[in-house]
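Student: what follows is a predicted protein model with its sequence.
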Amino acid sequence: MSIIKSIHVLCAFLSISGFIYRGILKLTRPEKLANKWLKITPHIIDTVLLASAIYLVFITQQYPALFNWVTVKIIALLLYILLGLFTLRFCKTQTGIMISFILSISVFFYIIFVANTKLIWFL
C-alpha cells in the first residue's frame with residue numbers, strides 16, 4: 001500500500017504544480033496554454049491520481065459513506081475541479097481568473113489538510 005500512497009502523493013504534487021503553472025500562464029501568457037503537452041499531461045496525472053485514490057479507498061476500506069473525512073475530500077475535490085474549470089476555461093477577466101485561481105489552490109490545500117489530519121473544517 002505504501003507504494004500506491006506514494007504514487008498518490010506524487011500525483012497530487014504534480015497535479016497542483018501543473019495547475020499553478022497553467023494558472024500563471026492563463027494570467028500572463030494565455031496563448032501558451034495551446035501547447036499540446038499542457039492539454040494532455042494533466043489528464044494523465046489526474047487519472048493516475050484518481051485511480052490511486054480509488055484503490056486506497058478500497059484497500060483501506062475507508063468508504064465515503066462510513067468516513068466523513070473521505071466524503072469531505074470528495075466534495076472538496078469536486079469544488080476544486082469546478083474552480084479549476086473557471087480558472088482555465090470559463091473566466092474571461094483577470095479578476096475572475098485570479099479569484100478562482102486563489103480559491104482553487106485554497107481548496108486543494110484544504111484537501112491536503114483533511115487527508116493528513118482527518119479533521120473537517122467548514123469555513
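Tutor: Looks like it came in fine.
Student: now the helices for this structure?
Tutor: 2-28, 36-60, 68-85, 94-117 (DSSP state H).
Student: residues touching the shortest one, excluding its own?
Tutor: This means helix 68-85. Helix 68-85 is contacted from outside by 19, 57, 62-65, 100, 103-104, 107-108, 110-111, 114-115, 118-120, using CB atoms under 8 Å, 6 or more residues apart in numbering. In short, each C-beta sits where N, CA and C put it, glycine included.
Student: filter those residues to the buried ones?
Tutor: Those of those that meet the buried threshold are 19, 57, 100, 103-104, 107-108, 110-111, 114-115, by 16 or more other CB atoms under 10 Å.
Student: among those residues, which two are most distant?
Tutor: Taking every pair in the buried ones among the contacts of helix 68-85 and measuring CB to CB, the maximum separation is 28.0 Å, between Val57 and Ser100.
Student: thinking again about what came up before, for the helices of the chain, give me TSV that also has mean pLDDT.
Tutor: Below are these laid out as TSV (pLDDT from 0 to 100):
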stretch	mean pLDDT
helix 2-28	97
helix 36-60	94
helix 68-85	92
helix 94-117	96
